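Trainee: can you look at this prediction? I've put the sequence above it.
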Amino acid sequence: IGITNSDGKGQSGIERGLNGELYGGKPGEAVQLSLDMRVQYALAHELALSKQEFRAAAAGGIVIDVRTGEILAMASLPDFDPNARNFDSESGRNRMAQDKYELGSVFKLFTFAMAIEDHTTRMDDVFPVGSGFKLGRYTIHDAEHLPAFMTARDILAQSSNAGTAQIALRSGPDNQRAFLTRLGLLSPVHAEISEYAPPQFPSHWGEIETATIGFGHGIAVTPLSYVAAAAALVNGGRKITPTFLKHPEDARGEQLIRPETSLAIRELMRYVVTDGTGKKADVPGYDVGGKTGSAQKVGANGRYIEHMLLTSFCGVFPIDDPRYLVFVMLDEPHGTKATFGFALAGYTAAPLAGRVIARIAPILGMPRTQPVLADAGKNP
């Protein structure tokens, strides 16, 4: 929402972004926001619980309607009490809109959408991954031990960097840059708030950059930019513009990818949740699809810091006909006894997203699917 000064002029957030309408508008005119305070509370509450559980430095999340672009909730922790106005540079930051991150494996969705769109990879194609992927003088390894060979489908489900890099290289640098440009990831995304940040990406875009960007390193974007592009992947392939204003009509615009590609991505996202790293995000009755992301953070010297992670999850429901996207992020989470010491997204961000979806789906009136009984149709 943001704050105002003593004269009522907006100083941050929506208060500043809509200052002209709110401060200079006609008396009695109203601005109706898309924010749903029930959803906002559920998101902020679950973020606070997970931030505490995993002793994370910060946390954040967004809930967006993938058809209208309406933002139903956005939270950034640590936050502050706007009544007290006692905040510092950390608690006053909107990490979802004004901070950019290398988001890691949630970016793999774009690589797979590009591969399907370009017809460069079939999901049953097999790639060598177990011993890593050597590219020039570098070798791309995976965070966990994986089989020697994997199909493309399982490369996404098990989140293999080595496999995704090979898939990205089939499209190549020029196609990758053009594809991410088309999705809006290489330019700033604005909404009705004053905070935003331009993306950061390499000026030289060669094979090494293509490989690393393919699995979400070497490119930094705001979470708001990410969810806008991810929404297009699942909503039939059409562009949406994030908004904090009430806009209940379908606002999908330009066709960015083929509807068939969008369908294939939704099927893959469901597979990630049923058979991959996103199992802890599943919510019975709501057919969640999603993707985990565990990104190593960059230190002051420009090198990646081992075991210092930014974990995230992009969840969509119901995946067969998507309506809402939930993105959650934990900055520097720590493993616990319950997670066997692991802090990867499958143990931290995925269950967080699942709890958010379990709370907001009934609020938003999403009907539950009926489970298929194993003995349905059999005589007793």
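Mentor: Happy to help now that I have it. Numbers count the residues shown, from 1 in each chain.
Trainee: what comes into contact with the helix-or-strand element of the chain with minimal mean pLDDT?
Mentor: The weakest-scoring helix or strand in the chain, judged by mean pLDDT, DSSP states H and E, is helix 19-23 (a mean of 71). Applying Cβ atoms under 8 Å, 6 or more residues apart in numbering, the set of residues contacting helix 19-23 from outside is 8-10, 15, 29, 31. All C-beta spots, glycine's among them, are computed from the backbone N, C-alpha and C.
Trainee: residues contacting the residue nearest to residue 114 when sequence neighbours are not counted?
Mentor: Take residue 114 and drop its neighbours on the chain: the residue closest to it by Cβ to Cβ, 6 or more residues apart in numbering is residue 179, 4.5 Å away. Neighbouring residues of residue 179 by Cβ under 8 Å, 6+ apart: 110, 113-114, 117, 171.
Trainee: name the SS class of residue 179, please.
Mentor: helix (DSSP: H, G, I helix; E, B strand; the rest coil).
Trainee: how far away is it from residue 305?
Mentor: Per Cβ to Cβ, to the nearest Å, residue 179 is found 30 Å from residue 305.
Trainee: equivalent analysis for residue 187, please.
Mentor: Distance of residue 187 to residue 305, computed by Cβ to Cβ: 29 Å.
Trainee: same check on residue 133?
Mentor: From residue 133 to residue 305 the distance is 22 Å (Cβ to Cβ).
Trainee: also residue 9?
Mentor: 41 Å.
Trainee: same deal with residue 330?
Mentor: Distance of residue 330 to residue 305, given as Cβ to Cβ: 16 Å.
Trainee: more neighbours: which of the two?
Mentor: residue 330 (29 against 13; other Cβ atoms under 10 Å).
Trainee: for the stretch 201-350 of the chain, just list every one of the helices.
Mentor: Remark: helices assigned in the stretch 201-350 of the chain by DSSP state H, counting those that start in this stretch are 207-214, 223-234, 259-275, 349-363.
Trainee: residue 234 contacts residue 322, correct?
Mentor: Yes - proximity of residue 234 to residue 322 meets the contact threshold set by Cβ atoms under 8 Å, at 4.5 Å.
Trainee: need the residues touching each of those two.
Mentor: Common neighbours of residue 234 and residue 322 (Cβ under 8 Å, 6+ apart) are 66, 266, 289, 316.
Trainee: quick one: which two of those residues are the most distant?
Mentor: 66 and 289 (11.6 Å; Cβ to Cβ).
Trainee: which residues are common contacts for those two?
Mentor: Residues touching both residue 66 and residue 289 (Cβ under 8 Å, 6+ apart) are 234, 316, 322.
Trainee: ok, residue 66 and residue 289, which is more surrounded?
Mentor: For residue 66 and residue 289, the more surrounded residue by other Cβ under 10 Å is residue 289, and the numbers stand at 27 against 23.
Trainee: which residues pair with that one across the strands?
Mentor: residue 316 (DSSP bridges).
Trainee: so who does it touch?
Mentor: Going by Cβ under 8 Å, 6+ apart, residue 289 touches 234, 266, 268-270, 272-273, 315-317, 319, 322.
Trainee: do residue 98 as well
Mentor: 195-197, 222.
Trainee: same list, those, but as a markdown table with secondary structure, distance to residue 81 and pLDDT please.
Mentor: Formatted as a markdown table, these follow (DSSP: H, G, I helix; E, B strand; the rest coil; distance: Cβ to Cβ, whole Å; pLDDT from 0 to 100):
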| residue | secondary structure | distance to residue 81 | pLDDT |
| --- | --- | --- | --- |
| 195 | coil | 19 | 85 |
| 196 | coil | 25 | 87 |
| 197 | coil | 25 | 92 |
| 222 | coil | 25 | 97 |
